[in-house]
Structures are given as C-alpha cells and as structure tokens.
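my questions are about this predicted structure, shown below with the sequence.
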Amino acid sequence: MTFRPELSRRDLLLSSAGLGAAAVLGSCKSGGAARGPLYDISLAEWSLHRELQSKRMTNLDFPRVARAEFGIGAIEYVNSFFKTFARDEEYLKNLMGRCDEHGVKSLLIMVDGEGELAHEDDAERRKAVENHHKWIDCAAFLGCHSIRVNAGGGGDEAEKLKRAADSLVKLAEYGAKSKINVIVENHGGSSSKGDWLAGVMKLANNPRVGTLPDFGNFHLGDGQWYDRYKGVEELMPFAKAVSAKSHEFNEAGDEVRTDYRRMMKLVVDAGYRGYVGIEYEGDKHSEFDGVRKTKALLEEVRSELSA
C-alpha cells in the first residue's frame, strides 16, 4: 500500500474516533501549549526507555501510561520504539486511536539511527536525508508538529555546519507540504556547542528549521562540558520544543545537575510558550518516580515564574 499521510488522516477523521482526534491534531500542529499556563508539560518517551526495552510496555501503551500514571496529555515519541512501523498505516491508526481514547496529543518524533545529516560524503548525506522522509510522513500522519533530528558528521566544524544546514533545509522543504518542522537537539559532538548549533540555524534560515534545546546534553567528550545555561540561551531563539532533562533529585525536590529555576527563566524570558518535555534519564530513582519528580518540579517552577 502506498503511504499517503494526508489521505489516510482524512479517511480516519471521517470516523467518530477520528473526529475526536481532529481536535487533538489541531492543537498539536501549532506546536504550542493551550492558553492558560505559562507553559504546558509533555512527556518524552525516552523517560521510560527501560520499561520499553524490557518489554514491560510498548509504544502503543505510551499514550495510556502518560495519561493514567502521570496526568500528562502530550507525548514525544522515540522512533527506535516503533522503527518498523513508520509506514504501517494500521499500526499508526491504532496508535492514534489510543491517543484519542486517552485525550493525548502527539507532538513530535525523535529520530535516531537514520544516518548523519552532516556526513562528509555527499552520497551518504543524501541517503540520510531520504531516510528521514518516512518519519516526516509518519509525523504528519500522527498529527505531530515536528521531527527531531541529529546534526552528526565529521570533519572541519565550519564545513560541517554548512552541510548540516543544507540537509536541514532539504528536509524542511520536504516537510513543508505536510507542515512538519525539522528540529535539532544538542545531542553530542558539535551540536552540543550552543554557538555552533545556533550558527547552523542562522545559515539554514528556514521557518521550518529549529532547535530542541536539551538541558543536559552539553557533554563535549573527555570530561569537557559546554555551559548548559549559555547553550540553552543560545538555542532558545530557534526553539520549537524544549527538553527538560533530569537525572537525580535531592530531598527538597530539586534536580541536582540543573538549576531548573534558572533554566526555565531562560526559556520563558526567550518568549517560549510551548510544551516543555520531561526527559528523565537517571538511575537513582525509578523511571516512574523520576518522571513524577520532574513534573512536580516543573509545576512548582511554573507557579513561581507565573507569580
């Protein structure tokens, strides 16, 4: 069967279940939170990667778990947990139905393992761009606003910056027809340098190319770190999503590696009013407790900033 996200979504919306999903999709496409709170809270699927990898839950369970366990109504997928289903319409309709059943919005898909978009070899880079097309189609089918990609590659940083920008623009042009954004996370290598990734954004200069600033992914290797607050501040002008990375909490409920009050003030002061995605990645707490602690801290900080 030819995978045609626009036709498939329209057919699905003709059903009664789909009519409920339509309201969800409309909100999700904007990429912003509902009116009211200073920011809304979403859940990144990687927060539950041990549950998923152990098969205690599946990607199809994710909408239910987000709502029932955490009271969260917006989710961010990781492609590795449904990698063989990117073009499987029946599977995706099932997933959309579960989102509708639990009142959950699909926001974005984090895409890994599809090649380096800043690869030094032109053929490899073209292949990587093409590999991402199916995830743009999948995101459109699910009603997401973006796919998250990586800007990996080797060689001279200045040349790599140009290659990354070129690939991102090509993907954005492909995604434009279905209104899907292509956003880059600081995720290792040069991308963990805020100034480098901001330079990629400036060179790309495309309204559908943006960033997903992650609070914790600023490790440069060999024990070296890019300043996380400086990095987030540099990436926020281009942000279409935000990842609230967490690892460990003290008795007061504060994250021990990141000052959430300082970090969220940077986010809010940049004018961002979209979703902030919980991404718990620690091992000091269970995944469920880590998500709950991150959510409680984000809510506490939101109340303080709102006041």
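Structure's in. What do you need? These numbers come from a predicted model, not from an experiment.

disregarding residues adjacent in the polypeptide, which is nearest to Glu159?
Of all residues not flanking Glu159 in the chain, Glu120 sits nearest, at 8.0 Å (CB to CB, 6 or more residues apart in numbering). The C-beta positions use only the backbone N, C-alpha and C, and glycine is treated the same way.

so what's the one you found scoring on pLDDT?
The model reports Glu120 with a pLDDT of 97.

now do the one 3 residues further on
At Ala123, the pLDDT value in this model is 98.

okay but the residue nearest to Glu159 is in contact with Lys162, surely?
No: using CB atoms under 8 Å, Glu120 makes no contact with Lys162, being 11.4 Å away.

any idea of the pLDDT on Gly221?
Gly221 is given a pLDDT of 89.

where does the residue nearest to Glu159 land in three-state SS?
The three-state label given to Glu120 by DSSP: H, G, I helix; E, B strand; the rest coil is coil.

give me the number of neighbouring residues for it.
Neighbour count of Glu120, defined by other CB atoms under 10 Å: 14.

for Glu116, same thing?
Glu116: 21 surrounding residues under other CB under 10 Å.

do Arg126 as well
Residues contacting Arg126 under the criterion other CB under 10 Å number 14.

what sits against it?
Listed by CB atoms under 8 Å, 6 or more residues apart in numbering, the contact set of Arg126 is empty.

quick one: it from Ala86, how far?
To Ala86, Arg126 is 19 Å away according to CB to CB, to the nearest Å.

again, but for Lys127
In this view, Lys127 and Ala86 are 16 Å apart by CB to CB.

who's more crowded, the two?
Comparing Lys127 with Ala86 by other CB under 10 Å, the one with more neighbours is Ala86, at 21 against 14.

the more buried one reaches His133, doesn't it?
No: checked against CB under 8 Å, the pair Ala86 and His133 is beyond contact range at 9.7 Å.

for Gly210, what is the enclosing helix or strand?
Per DSSP states H and E: Gly210 is located in strand 209-212.

after that strand, which helix or strand is next?
For strand 209-212, the succeeding helix or strand toward the C-terminus, using DSSP H and E, is strand 219-221.

three-state assignment of the closest residue to Ala74 other than its chain neighbours?
Distances taken as CB to CB, 6+ apart place Ser42 nearest to Ala74, at 3.8 Å, with adjacent residues excluded. On the three-state scheme (three-state DSSP), Ser42 is labelled strand.

just Ile147 next, same as before
Under three-state DSSP, Ile147 falls in the strand class.

next up, the contacts around Tyr39.
By CB under 8 Å, 6+ apart, the contact set of Tyr39 is 33, 242, 264, 267-268, 272-276, 302.
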